[in-house]
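Enquirer: using only what follows, build the 3D model:
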Amino acid sequence: MVLEYSSFSTCGNFYAHCGSDSKLKIWETGTGNLKQEYTPNLHLTSPYTCLTWISSLNVATHPKKKRKSNGEGGLPSLALGTQAGAVVVYSVAEGAIVSSLNDGHKSAVQCLTWESGADLFTCSTDNFVHWDVKNKTVRSKWRNGETCTAMAVSPDGEMLITASRSIKWWSVEKRTIIRTFTGHATPVTRLVFLTSLSGDNYVISAAQKDRLVNAWSLNENADNNAVSSFLLSDLVQCVSINVSKDGVTNLVVVTQSGTLHLFSHQLNGKCGKPLKPTLTVMVASDTGQSKTKVPPLTILGAHLHSQLRAHIVYGQPPFLAFESIKLEHTTNELCLVRKDPKKITSTVQQEATTKVRAPEVSKDAQYLTGAVVNGSLPPKRGRGKESEVPMEERLENLALNQPSSSSTQPKAEGMAHLLIQGLQSKDKSLLQNVLFRRDEAAITQTVQRLPVQVIGLLVKELTVLLQGKTFTNQVAAVWLKALLASHAGQLLADPSSTAAFSPLLGLVETRVNCLAPLGRLRGRLDLMLHQVSSGGERQSGLMDTQALVVHQDGDSTEEGSDTLASEAEDDESEDRWDELSEDEVENMESEDVDET
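Expert: Okay, here's the model as predicted:
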């Protein structure tokens, strides 16, 4: 079921938005400023489910708070349904909850509607409740047959229109169904009551997944089919109606794609074919460059406050811009070129935080230093010789043993500045120099100093790193952890972060799915390596057991005989050597005598 979380006030001067975190934010449409932001105490256990604007004249203000004397007592109020079944009333004038309507529903409030002459109607899965907001009491209560997704009440409070897939026309006094209309295949999300100048009553309906907006006649004699249908280019986001003085019904429909369609038609009888819009309005972002592709800005809502003038809101919460436009043009399409509210907000914040201002100084100004005595200016120096540098300073400048500054690690400020330059210029070498660091403290300080505008670029770069190998994955994981820890609040408040983190979530899920097979593979490899290493150790142990030296120990008698035999052989060899040597000497002497 699609719930209404944003709406223009009946006067069109305020715009309320309640996000998924149940924080209520109210803007002034005239100035575009965020007027109030309210966070309830039970926003987590009992979040808001729907809201509608009511008049402050029917709300009993808090007795302890005095009414302001500046006229803010006439400001409208908001009725908000909660998950617990209660209805609370928030006063814009006091900026707080001033009333609580309890004991009406046992389940979550699904939708509510209000009119000045009818007071407040609410619906849940159990019953309908008609409230007296001023006295905080229940006027009437009756059961509903099916789940209600939208409600509308007539200005006099006699007719109540409820819808799920079918539209039911109720009599409030009798609490009975007058007629049932069928024409939508999906649950109805928008119902707007319309009274023409002739006094005929109609109801405008829009369904959840339907590109047709139907108009139904609240006449008991009419048939059950829609009298008119309006064709759209996309699903419905917001509906606003105004009847001109000449009886023409002006219908403004905002689609989910951010386009505004204007239909001008006089409801008088049945129309055969679906009507096409007479004017289509789109908003584009001004990039300042003529050749670049112009990104569109999403129109979130519109409110017709006069015949052909409407308040529109465009942008992405919490960066919204408001404008009052005229819907009278000769062409069928109108494209408004506007600056992105997010960029405007960041520029204003930078200017507000910057305290340094350059003084305006005339060109003829003369600067006096502390060395000037009695206000006299020193004489101008001519082009003389330059002052000579002492020899000691020259030697210090020529010293080669001083450590270079490049060897030191850059500080967090420098790394943040380099990272911003790399992300904006897409310089791969500069990005690798900054991102490929494993100092978690430096990474955390660097991420904390990054502006909000470059977080999306950093997420895209980390997505690319996660698609790489192990080293780049480890680096990206450290940076991603620091980014989520430092900018979690901003990422939760930015709706565009969901699309930016979708690829990251897909990569993480893919890696997690591969974790179990990789663990089994690692276990098997460890087992195989352990077996191989244990087998090698066994073989090396066997080789080490062989003796390097073998010593044989014999008997003492054998050793003595061996030694004696060896000594006798030595003596005989020496005697023989002596005998041979003497014979050779005698022969040599005899040969010499013969020659002589």
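Enquirer: name the helices or strands packed onto the helix or strand where M282 lies?
Expert: Here M282 is covered by strand 279-285, with elements defined by DSSP states H and E. Contact partners of strand 279-285 among helices and strands, from 3 or more C-beta pairs under 8 Å, 6 or more residues apart in numbering; DSSP states H and E: strand 260-265, strand 296-297, strand 299-304, strand 309-316, strand 333-338. Every C-beta, even on glycine, is put in place using the N, C-alpha and C of the backbone.
Enquirer: ok, the residue nearest to V172 when sequence neighbours are not counted - how many residues close by?
Expert: With C-beta to C-beta, 6 or more residues apart in numbering as the criterion, V172 has its nearest non-adjacent residue at 5.2 Å, and that residue is L160. Number of residues near L160 (other C-beta atoms under 10 Å) recorded here: 23.
Enquirer: show me what contacts L160?
Expert: F121, F128, M151, A152, V153, S154, W169, W170, S171, V172 (C-beta atoms under 8 Å, 6 or more residues apart in numbering).
Enquirer: apply 10 Å and report the result again.
Expert: 113, 118, 121, 123, 128, 130, 151-154, 168-172, 175, 178, 193 (C-beta atoms under 10 Å, 6 or more residues apart in numbering).
Enquirer: and if you look at P503?
Expert: V459, K460, L462, T463, V464, L466, Q467.
Enquirer: what's the helix or strand for the closest residue to V452 other than its chain neighbours?
Expert: Distances taken as C-beta to C-beta, 6+ apart place Q490 nearest to V452, at 5.8 Å, with adjacent residues excluded. Under the criterion DSSP H and E, the helix or strand holding Q490 is helix 488-493.
Enquirer: got the contact list for that helix?
Expert: Helix 488-493 is contacted from outside by 19-21, 23, 317-319, 452, 455-456, 459, 483-484, 497-498, 500-501, using C-beta under 10 Å, 6+ apart.
Enquirer: and the next helix or strand past the helix or strand containing L194?
Expert: Under the criterion of DSSP H and E, L194 resides in strand 188-195. Once the chain leaves strand 188-195, the next helix or strand it forms, by DSSP H and E, is strand 201-207.
Enquirer: I'd like the average pLDDT over that next one.
Expert: The average pLDDT within strand 201-207 is 94.
Enquirer: kindly report the same for stretch 286-304.
Expert: Taken as a whole, stretch 286-304 carries a mean pLDDT of 81.
Enquirer: again, but for stretch 159-175
Expert: 92.
Enquirer: how far out from the middle of the chain is that stretch?
Expert: What separates the centre of stretch 159-175 from the centre of its chain is 41 Å, taken as C-alpha atoms, centre = their mean, to the nearest Å.
Enquirer: still on that earlier bit, buried residues of the helix holding Q490, list them for me.
Expert: L491 (16 or more other C-beta atoms under 10 Å).
Enquirer: that helix: how far from the chain's middle?
Expert: Going by C-alpha atoms, centre = their mean, where helix 488-493 is centred and where its chain is centred differ by 6 Å.
Enquirer: and the next helix-or-strand element following it, how far from the chain's centre?
Expert: Next along the chain after helix 488-493, taking DSSP H and E as the criterion, comes helix 497-513. Offset of helix 497-513 from its chain centre (C-alpha atoms, centre = their mean): 14 Å.
Enquirer: same question for stretch 270-281.
Expert: For stretch 270-281, the distance to the chain centre is 38 Å (C-alpha atoms, centre = their mean).
Enquirer: same question for stretch 32-41.
Expert: Relative to the mean C-alpha coordinate of its chain, stretch 32-41 is positioned 20 Å out (C-alpha atoms, centre = their mean).
Enquirer: endpoints of that stretch, how far apart?
Expert: One end of stretch 32-41 to the other measures 27 Å (C-alpha to C-alpha, to the nearest Å).
Enquirer: I'd like the mean pLDDT over it, please.
Expert: Mean pLDDT, stretch 32-41: 87.
Enquirer: buried residues of it, list them for me.
Expert: K35, Q36, Y38, P40.
Enquirer: what segments of the stretch 401-550 of the chain are helices?
Expert: For the stretch 401-550 of the chain, helices defined by DSSP state H, counting those that start in this stretch occupy the ranges 412-425, 428-435, 440-448, 455-466, 470-486, 488-493, 497-513, 515-544.
Enquirer: include mean pLDDT and distance to E220 when you put those into a markdown table, please.
Expert: Output for those, formatted as a markdown table (pLDDT from 0 to 100; distance: least, C-beta to C-beta, whole Å):
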| stretch | mean pLDDT | distance to E220 |
| --- | --- | --- |
| helix 412-425 | 81 | 66 |
| helix 428-435 | 84 | 71 |
| helix 440-448 | 86 | 67 |
| helix 455-466 | 85 | 57 |
| helix 470-486 | 84 | 60 |
| helix 488-493 | 80 | 50 |
| helix 497-513 | 79 | 48 |
| helix 515-544 | 79 | 67 |
